[in-house]
Each structure stands twice: as C-alpha cells, then as structure tokens.
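**Student:** Structure, please.
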Amino acid sequence: MIILLGMRSNHFDVVDLPSMIWPSNPSVPSKRFRLFVAADTKNSTVDALSAFAYSALEKGMVYFCSWGPDCERFHDIVDEVILEDDLGRRRFVGPDESAFVQTTWHAKHELDEALDYFAKFARPPGSFEPDSDYWLAISVGNAEWAASIRRILSAAKFL
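**Tutor:** The predicted structure follows:
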C-alpha cells in the first residue's frame, strides 16, 4: 500500500512504503526527478535494493540521496546499478557528457540535516538538471519518518 502524505506541492511528494519495492504507479510530473529514501536496509537483499534502484532510474531518477541504517550500502548498490548500465546497455545516460546520475548518502546526519541537503543542494549535473524540478521522498517501513519528512520538506526552501 502506498500512502501519499499531504497535498502534492509544486516541488515534492512524500511516499510511505511498507517495504523496499518501488511503487507501481507514482505520479511524477516531470521527465526527471530527485529521490530521497529513508530506510533501514540492513536486512534488505542486494537483489531487492538493486531492483528498487533500477525501477527508480527507469522512471527518471537523476539524483539519489539515501538516509538511515546501512544507507552507505544502499548508496553503493545504486552506484553499482548505474555503473553496470553504463558498461552495458546505457539506458540511464543523459543527453550529453555533462549529465550523470549523482548519488549521496547521509549516515552521519540527522534526518532534518539530510533533508535540508536534499532540498537545497541535490542538483543533477549538467543537462540532467532541466526538467528535474521535482523531489520525491520515500520512507520505507517507518510512518514516523514519513511524517517528519513531510513536515520538514513542507517548510524547506527548494533551490
């Protein structure tokens, strides 16, 4: 079950997922988007995290921020999916050489600090930036995080 929290803004949506499975029909109003995932991925398999990353990339993710327990590993798996594609079919490349999918992890930050970074500094490089003025935040298995994300992003200044 997908729970959208609050009204959609011009800039972002918050989605609360029960498990690490990409939502079947998130409505992303732009060609590209920036993604923040708050999750405890310690018990998630590489296959599950890879499938999630692949689905996000397929839908247009051009910037990825991970936060929560084991977020470094999740970040690294997303990077591996991007690299594997770059060496293979090249489905997620940009319109020119200036574009690449940027990824960050925020293990040493509190949730509000990580979200502040996401709102202010998660800017896709080069030609991926146009049509990417949409931020999607996903909380996996933690309704309290989802509520905090909604509250923090509602007050954020998006740059």
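
**Student:** Look up how far F36 lies from A156.
**Tutor:** A156 is 11 Å from F36, where distance means Cβ to Cβ, to the nearest Å. Bear in mind the C-beta positions are built from the backbone N, C-alpha and C, glycine included.

**Student:** and for the two, which residues touch both?
**Tutor:** Residues touching both A156 and F36 (Cβ atoms under 8 Å, 6 or more residues apart in numbering): L115.

**Student:** what about the two, which has more around it?
**Tutor:** Between A156 and F36, counted using other Cβ atoms under 10 Å, the more crowded position is F36 (27 against 18).

**Student:** for the more buried one, helix, strand, or coil?
**Tutor:** The three-state label for F36, taken from DSSP: H, G, I helix; E, B strand; the rest coil, comes out as strand.

**Student:** Check it and give its pLDDT.
**Tutor:** Per-residue confidence (pLDDT) for F36: 98.

**Student:** swap in the one 3 residues further on?
**Tutor:** According to the predicted model, the pLDDT of A39 comes to 98.

**Student:** Could you do the one 3 residues further on as well?
**Tutor:** At K42, the pLDDT value in this model is 96.

**Student:** after the helix or strand of the chain with the lowest mean pLDDT comes which helix or strand?
**Tutor:** Sorting the helices and strands of the chain by mean pLDDT, DSSP states H and E puts strand 3-4 at the bottom, at a mean of 38. Later in the chain than strand 3-4, the nearest helix or strand by DSSP states H and E is strand 12-17.

**Student:** List the residues that contact S98.
**Tutor:** P125, G126, S127 are the contacts of S98 under Cβ under 8 Å, 6+ apart.

**Student:** possible to save these as TSV with neighbour count and pLDDT?
**Tutor:** Formatted as TSV, these follow (neighbours: other Cβ atoms under 10 Å; pLDDT from 0 to 100):
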residue	neighbour count	pLDDT
P125	14	82
G126	15	79
S127	15	77
